[in-house]
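> Return a 3D structure for these sequence lines:
(one chain, ligands or ions: 5)
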Amino acid sequence: MSSVEEETLQRFLDAAARGDVNHVTTLLSQVPLIINQRGTNGWNALMMAARNGQYDVVEELLKHGCDKFSVNSSSQTAHDIAKFWGHRHICNLLGGANDVCQRVLPGVDQTPQENYFSRETLERLSEKRTDKSWMEDKERDPRTVYLLFNNLSPMVGVSQRDQGERVETKLCRLKYEDVKNLLNKPTTVLIFLGVEKRKNPLSSSTSSQKEGTSCELPAWFAVGSDEDAGELLKCCSDKCCFLKKDHRELLKLSEDDAGVVAQARSVLAWHSRYSWCPTCGSGTRVEEGGYKRSCLNSECRSQQGVHNTCYPRVDPVVIMLVIHPGGNQCLLGRKKIFPAGMFSCLAGFVEAGECVEEAVRREVEEESGVKVGPVHYVSSQPWPLPSSLMIGCLAVAMTTSITVDENEIEDAQWFPRQQVMDSLLRGDRSKLSLPPRQTIAHQLIKHWINMTSNL
Ligand SMILES: NC(=O)C1=CN([C@@H]2O[C@H](COP(=O)(O)OP(=O)(O)OC[C@H]3O[C@@H](n4cnc5c(N)ncnc54)[C@H](O)[C@@H]3O)[C@@H](O)[C@H]2O)C=CC1
Ligand SMILES: [Mg+2]
Ligand SMILES: [Mg+2]
Ligand SMILES: [Mg+2]
Ligand SMILES: [Zn+2]
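Ligands and ions are numbered 1, 2, ... in the order given. Now for the predicted structure:
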């Protein structure tokens, strides 16, 4: 960032903190990108306004589409900050539908929580998956966006920003002309992801006339190919590459891109693992915009009734922060593959014929020997490695002695709340390091800290 840009950003942040709406609006019209930029302390304008109770500025920034989920270097959103400083009117503004929620579901926790991989930037329009001619028109439409995947890794361009501190990984958005030869190859898999969302979704959902306009919006497709990566990169004229196979690379995307990748990658992973009919072993045909594989054998049992083998699978996983009966410690464990010093929430696959609460109790007891009583759902997260749905819960321990199942985890311990806070909010990793903010494990821990600190 040049010194002029830095100075403009400082003026913008000051204006937001002071509540000078006119100055904020003027600077926004001159430098629209400034809206989410963060100053030296990691705070953006929304956080500054939230800190100082500047309602009008918060309203103006939201109107201009600022990112209300962005976090400062202590992992706090603008909502967390407003709550901490007691600006309830700002919390309501940032929480969106909270007032209605309080009225119809009194007592329900309203803390807005959006997990990484969860953002839906597209309207899936599942009813259009069977409309072949609509789909073909969309495929050829020059406005259509194609995302290319090689062996499940998305094609990205890498751009530097924020004085080179943060490197943003951005999905390459290709056009029909770029991929049309690839689409003709028999091994290419094409997935219809949806259309771009309307700017104001509430105004049009009921009108059938406007329903039509939603279909007119630009469509997005994912293209999966296992061909030579070097050849595939020629589809794009910009400098780009395929993300490395390391799953941490997937955590470098923006929230918007991560949401689309979660959808595309899970469906493509299903195609790559389920090429043959799981019921009779015959070949299959891809249908419904990539959301179904039908068996080619007309005698196959999967042709009758609804067969879940024909549709992409989602595997439920429970992930839980277990709280000590004393209330001031939580149970965290570590797998051998974790970086040194890192502990996380316990987790495990839900088994057939098992409800979420029982899966939590069973997995905690199996892995740590601790018995769990009440279980409360907090939030969920798609985890596209390859297709888990993480179901995040808080659970209360009924016993405290720990016996680690060494096949699954290396260690499990009770950690005092203060030590967890030091690591989470102050970045003190000397005694404990926690998983990054993109994981629901991190968000569950943060949720517990917030709940119990009168923030
Ligand atoms: N986003 C997040 O914060 C976190 C995500 N996770 C994800 O949750 C998943 C499950 O957690 P674990 O502790 O590994 O589960 P786990 O405690 O149930 O143990 C895994 C074992 O369960 C068996 N298993 C049962 N059903 C399975 C299925 N559908 N697919 C694969 N294996 C199955 C396998 O033997 C596997 O080795 C992990 O694979 C990981 O990707 C785990 C922790 C944090
Ligand atoms: Mg387990
Ligand atoms: Mg486990
Ligand atoms: Mg298990
Ligand atoms: Zn079959």
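
> Quick one: residues contacting the residue in the stretch 51-200 of the chain positioned nearest to ligand 2.
Residue nearest to ligand 2 within the stretch 51-200 of the chain (C-beta to the ion): N115, separated by 21.3 Å. Glycine gets a C-beta too; all of them are placed from N, C-alpha and C. Taking C-beta atoms under 8 Å, 6 or more residues apart in numbering, we find N115 in contact with S379, S380, Q381, M390, G392, I440, Q443.

> Could you look up the SS state of it?
When classified by DSSP: H, G, I helix; E, B strand; the rest coil, N115 comes out as coil.

> what comes up buried for stretch 31-42?
I34, I35, Q37, R38, G39 (16 or more other C-beta atoms under 10 Å).

> so which strand or helix has the closest residue in space to R124 that isn't next to it in sequence?
Leaving aside its sequence neighbours, R124 sits nearest to G194 (C-beta to C-beta, 6 or more residues apart in numbering; 4.3 Å). G194 is located in strand 189-196, with elements delineated by DSSP states H and E.

> so what strands line up beside that strand?
Strands that pair with strand 189-196, judged by DSSP bridges, come out as strand 122-123 (antiparallel), strand 219-225 (antiparallel).

> Tell me which of the ones you listed is the most buried.
Stretch with highest mean neighbour count among the strands paired with strand 189-196: strand 219-225 (a mean of 23; mean count of other C-beta atoms under 10 Å).

> what's the average pLDDT for it?
Averaging pLDDT along strand 219-225 yields 98.

> Please compute how far that strand lies from its chain's middle.
Centre-to-centre, strand 219-225 and its host chain are 19 Å apart (C-alpha atoms, centre = their mean, to the nearest Å).

> just checking, next helix/strand downstream of the helix or strand in which G259 is found?
In this structure, G259 is located in helix 255-273 according to DSSP H and E. Next along the chain after helix 255-273, taking DSSP H and E as the criterion, comes strand 284-287.

> Count residues in the vicinity of K170, would you?
For K170, the number of neighbouring residues by other C-beta atoms under 10 Å comes to 16.

> Please disregard the earlier target; I meant Y176.
Around Y176 there are 17 residues (other C-beta under 10 Å).

> C-alpha coordinates for stretch 114-130, PDB please?
The C-alpha trace of stretch 114-130 is given here as PDB (Å, rounded to 0.1, in the frame of the first residue of the first chain):
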ATOM      1  CA  GLU A 114     -21.200 -18.300   9.700                       C
ATOM      2  CA  ASN A 115     -18.700 -21.000   9.300                       C
ATOM      3  CA  TYR A 116     -16.100 -21.200   6.500                       C
ATOM      4  CA  PHE A 117     -17.300 -23.300   3.600                       C
ATOM      5  CA  SER A 118     -20.900 -22.400   4.500                       C
ATOM      6  CA  ARG A 119     -21.600 -19.300   2.500                       C
ATOM      7  CA  GLU A 120     -24.100 -19.700  -0.300                       C
ATOM      8  CA  THR A 121     -23.300 -17.100  -3.000                       C
ATOM      9  CA  LEU A 122     -25.300 -19.000  -5.600                       C
ATOM     10  CA  GLU A 123     -29.000 -20.000  -5.800                       C
ATOM     11  CA  ARG A 124     -28.800 -23.700  -6.500                       C
ATOM     12  CA  LEU A 125     -32.000 -23.700  -8.600                       C
ATOM     13  CA  SER A 126     -32.300 -27.500  -8.200                       C
ATOM     14  CA  GLU A 127     -35.600 -27.600 -10.200                       C
ATOM     15  CA  LYS A 128     -33.600 -26.600 -13.300                       C
ATOM     16  CA  ARG A 129     -31.300 -29.600 -13.100                       C
ATOM     17  CA  THR A 130     -33.800 -31.700 -15.100                       C
END
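
> List the buried residues of it.
The neighbour-count check on stretch 114-130 (16+ other C-beta under 10 Å) flags N115, Y116, F117, S118, R119, T121, L122, E123, L125, K128, R129 as buried.

> So what's the gap between it and the chain middle?
12 Å.

> just checking, A441 touches M320?
No - A441 lies out of contact with M320 (C-beta atoms under 8 Å); the separation is 9.5 Å.

> what's the overlap in contacts for those two?
In terms of C-beta under 8 Å, 6+ apart, A441 and M320 are both contacted by the residues C345, A347.

> Neighbour count: the two, which is higher?
Higher neighbour count among A441 and M320: M320, with 29 against 23, using other C-beta under 10 Å.

> Leaving out chain neighbours, which residue sits closest to the residue of the stretch 51-200 of the chain closest to ligand 2?
Excluding the flanking residues, the one nearest N115 by C-beta to C-beta, 6+ apart is Q381, at 3.9 Å.

> swap in L432?
Excluding its sequence neighbours, the residue lying closest to L432 (C-beta to C-beta, 6+ apart) is S423, at 4.6 Å.
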